[in-house]
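Trainee: Quick one, fold the following:
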Amino acid sequence: MTRSAKDVTQLAALDTARAARLLSEVRSAALAGERGPVPPRPVIEASWGRMLRGGVDPDHDVRAAPLGPEEVERRRRDSPLRHVLPVLREGLLSVADEARHIMVVADADGRVLWREGSCSVLRTADRLGLEVGADWSEMSVGTNGVGTPAVARRPVQVFGSEHFVRSHASWTCAGAPILDPRDGRLIGVVDVSGPLETMHPATLAWVEAVAKLAEARLREVHLASLERLRAVAAPLLAGLGGRAVAVDRDGWTAAVAGMPYTGRVALPTALSPGRHPLPALGTCTVEPLPGGWLLRVARTPAPERTTRILLDVGQPRRRSVTVTGDTGSWDHELSPRHAELLLVLAVDRTGRTAAELAADLFGDPARTVTVRAEMSRVRRYLGAFLEHRPYRFRESAEVELLTPHDPEDLLPYSMAPGVVRARDALRGMR
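Mentor: Numbering: from 1, shown residues only. Predicted coordinates for the structure are as follows:
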């Protein structure tokens, strides 16, 4: 007798039809608000909850218009995923084709950028709308192997009627997020999909392992690009007086002169040559380099200005902080961990000690070393606006917190105690 949803996924390898019928009963019971023969797996139950709150229709396949060829090509050129396509193809395609699967690679928005594999399965995918340019985010097509891993920030296998939308019940998929190894930001998702009868419990571990290989390749690409920039910048820095730093287009440091090394400098979204105020450095003269920028720090610091800090955690897939002052504005996309930290500090303006933050994030006040390391990284781009002992935003800064309408969508991937409290507080305000 099957007793849990985990048992169902194991049953599927032996008796696909029986497992599919059981999961159909589980889905029907959940949509009716009733108790099913077994509970859905937690990751699936959480996704179904998001779909119900978001108004996704479980019985009708409503699709967004796919991107046009020009926009798909633009996203391909701009996406770091282009660097890891050979890794993904080598690790997935040969086995996927033999097993009647296809490989799908989507960006952080859930838009399908590449799709390869079994020709017969590709034709089936066309009928489901799983085509290049299509939107397979959760809020577009419901629980699935592309959108759900992007929200959950973990590998997810979706089998049969675990898909929220009924028309996808004949499909099985296993997807894993690909994260930027530099800061944990979501870059995209790689997914292996196919007809229901091709499901195998080991598929998820296989896809996850290849996603990790892709992240390792991205780390190699990043280090190689910094080395090239360092070779160009080192002779220039050697001849300069004062403080200067060479960074790539995303602000990652290649070389410094006259100042301590810092891993990253927060840059405005659109940086151009000239004099600009930069967080943590002050006013800098910005000069272009091949693949990056030379930042020469002004000898006389600019006077401190009134500052407004907007912490935006209202979007399911992008968290950011925007700093606005009299001299301009800049924003920085946040990793999941930094979003948790700054949310806690924005909610409690009186501040938190390292032990309190450790309890807020991990439920363990002894993990202060980890907290201090993360706060050190946060201070690289917000150091001018943060105090410590305790950690808090400076009183002179005007801090605004932008949260989602539904408390359950506040950093939905996070189970940090501080985030759970923030959700509870939002529920009391609604």
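
Trainee: CA only for contacts and neighbour counts going forward, please
Mentor: Will do.

Trainee: Mind exporting the C-alpha coordinates of stretch 70-81 to CSV?
Mentor: Extracted C-alpha coordinates of stretch 70-81, given in CSV (Å, rounded to 0.1, in the frame of the first residue of the first chain):
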residue,chain,number,x,y,z
GLU,A,70,14.8,38.5,-32.7
GLU,A,71,14.1,38.7,-29.0
VAL,A,72,15.0,35.1,-28.5
GLU,A,73,18.4,35.7,-30.2
ARG,A,74,19.0,38.8,-28.1
ARG,A,75,18.3,36.9,-24.9
ARG,A,76,20.6,34.1,-26.1
ARG,A,77,23.4,36.6,-26.8
ASP,A,78,23.0,38.3,-23.4
SER,A,79,22.6,35.1,-21.3
PRO,A,80,25.5,33.5,-19.5
LEU,A,81,23.8,30.2,-20.3
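
Trainee: And that stretch, what's buried?
Mentor: 72, 75-76, 79-81 (16 or more other C-alpha atoms under 10 Å).

Trainee: The residues you listed: which two are farthest apart?
Mentor: V72 and P80 (13.9 Å; C-alpha to C-alpha).

Trainee: Tell me the residues that contact both of those two, please.
Mentor: Here V72 and P80 have no joint contacts, going by C-alpha atoms under 8 Å, 6 or more residues apart in numbering.

Trainee: rewinding a little: let's see which of the buried residues of stretch 70-81 end up in helices.
Mentor: Among the buried residues of stretch 70-81, the residues falling in helices (DSSP state H) are 72, 75-76.

Trainee: between the residues you listed, which is nearest E162?
Mentor: Of those, the one sitting nearest to E162 (C-alpha to C-alpha) turns out to be V72, at 29.1 Å.

Trainee: give the contact list for the residue nearest to the spatial centre of the chain.
Mentor: Nearest to the mean C-alpha position of the chain, counting by C-alpha atoms, centre = their mean, stands L186 at 2.7 Å. Counting by C-alpha under 8 Å, 6+ apart, L186 touches 108, 150, 153, 177-180.

Trainee: again, only this time at 7 Å
Mentor: 108, 177-180 (C-alpha atoms under 7 Å, 6 or more residues apart in numbering).

Trainee: What of V72?
Mentor: Contacts for V72 (C-alpha under 7 Å, 6+ apart) come out as 113, 133.

Trainee: what's the distance between it and E374?
Mentor: Distance, V72 to E374, using C-alpha to C-alpha, to the nearest Å: 36 Å.

Trainee: same check, this time on S161
Mentor: As judged by C-alpha to C-alpha, S161 and E374 stand 40 Å apart.

Trainee: for the stretch 51-200 of the chain, which spans come out with low pLDDT?
Mentor: 97, 99 (pLDDT under 70).

Trainee: where along it do the strands fall?
Mentor: Per DSSP state E, counting those that start in this stretch, the stretch 51-200 of the chain carries strands over the ranges 102-107, 112-117, 156-159, 171-179, 186-195.

Trainee: List the pairing partners of the shortest one within its sheet, with orientation.
Mentor: So that's strand 156-159. strand 171-179 (antiparallel) (DSSP bridges).

Trainee: got the angle for the partner strand vs strand 102-107?
Mentor: Computed by axes from the mean of the first three to the mean of the last three C-alpha atoms, to 10 degrees, the angle separating strand 171-179 from strand 102-107 equals 40 degrees.

Trainee: related to what we said a few turns ago, include distance to L236 and neighbour count when you put the contacts of L186 into TSV, please.
Mentor: What follows is these, written out as TSV (distance: C-alpha to C-alpha, whole Å; neighbours: other C-alpha atoms under 10 Å):
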residue	distance to L236	neighbour count
A108	37	22
P177	39	32
I178	36	31
L179	33	22
D180	30	20
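
Trainee: Turn those residues into CSV, including distance to P40.
Mentor: CSV is the format used below for the contacts of L186 (distance: C-alpha to C-alpha, whole Å):
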residue, distance to P40
A108, 26
P177, 22
I178, 25
L179, 27
D180, 31
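
Trainee: tell me which of these is nearest to R275?
Mentor: Nearest to R275 among the contacts of L186 is D180, at 29.8 Å by C-alpha to C-alpha.

Trainee: Quick one: distance of stretch 368-378 to the chain centre.
Mentor: 20 Å (C-alpha atoms, centre = their mean, to the nearest Å).

Trainee: same question, stretch 386-405
Mentor: 23 Å.

Trainee: Show me the helices in the protein, by range?
Mentor: Under DSSP H, the chain gives helices at 5-12, 16-31, 42-54, 69-78, 85-88, 94-98, 119-128, 138-141, 147-152, 203-238, 336-347, 354-362, 368-382, 417-429.
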